[in-house]
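> Whatever this is, show me its structure:
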Amino acid sequence: MESERLKSRIISILEEKKGGDIIAIDMAKRSSITDFFVIATGKNVNHVRALAEALEEKLEPEGIFVHRKEGLGDGRWAVLDYGDVIVHIFNADTRDYFCLEKLWK
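Next comes the predicted model:
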C-alpha cells in the first residue's frame, strides 16, 4: 500500500477507536527512515494499548504487518513501525513531555 494511503488508513482506524489529537507529520524530506509519523493520544494506559492493538487487528487482514513495535507493556507510549509510516501513541503526559510534533515540525 502506498504510504499516503497507509497513513490515511491508520488515521481512520485511530479515529474510529477515539484516539485523540491525531496528527500526521510528513517526514519524507526530513528522514530516510519513514515517509510519515502519525501521532495520537490515548486517554489512559488501556486506551493506548487498545489503539495499538486495533491497528494490528484491522491492518493484518489487509496484508499490512507491523515490522516492529515497542512500549505496549508500559502503555505510556506505543510505537508501531509500518515502514513508510511510524505510529506513536502516547498518553497525555508522555506526549506533552516528548513533544514530537514540535521537534519535527
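> does the residue in the chain sticking out farthest from the centre sit in a helix, a strand or a coil?
Centroid-distance maximum for the chain: residue 29 at 19.2 Å, with CA atoms, centre = their mean. Three-state call for residue 29 (DSSP: H, G, I helix; E, B strand; the rest coil): coil.
> how about it, phi and psi?
Backbone torsions of residue 29, given as degrees, to the nearest 10, read phi -90, psi -10.
> same question, residue 67
Main-chain torsions, residue 67, degrees, to the nearest 10: phi -80, psi -40.
> Provide a list of residues in contact with it.
Counting by CB atoms under 8 Å, 6 or more residues apart in numbering, residue 67 touches 81, 82, 83. No exception for glycine: its C-beta is placed from N, CA and C like everyone else's.
> what separates the most centrally placed residue in the chain from residue 76, distance-wise?
In the chain, the residue lying closest to the centroid (CA atoms, centre = their mean) is residue 87, at 2.1 Å. Per CB to CB, to the nearest Å, residue 87 is found 15 Å from residue 76.
> Do a quick rundown of the strands in this protein.
Assigned by DSSP state E, the chain shows strands spanning 20-26, 36-42, 68-70, 77-81, 85-91.
> okay if I get these as TSV plus mean pLDDT and distance to residue 7?
Converted to TSV, those look like this (pLDDT from 0 to 100; distance: least, CB to CB, whole Å):
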stretch	mean pLDDT	distance to residue 7
strand 20-26	96	5
strand 36-42	97	5
strand 68-70	96	17
strand 77-81	97	13
strand 85-91	97	5
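> Looking at the residue lying closest to residue 83 once chain neighbours are set aside now. What's its pLDDT?
Once flanking residues are discounted, residue 83 sits nearest to residue 67: 5.8 Å by CB to CB, 6 or more residues apart in numbering. For residue 67, the model assigns a pLDDT of 97.
> can you check residue 32 too?
Among the per-residue scores, residue 32 holds a pLDDT of 85.
> circling back to that earlier point, can you give me the distance of the residue nearest to the residue nearest to the centre of the chain when sequence neighbours are not counted to residue 35?
Spatially, and ignoring its direct neighbours in sequence, residue 87 is nearest to residue 80 (4.4 Å; CB to CB, 6+ apart). Residue 80 sits 15 Å away from residue 35 when distances are taken as CB to CB.
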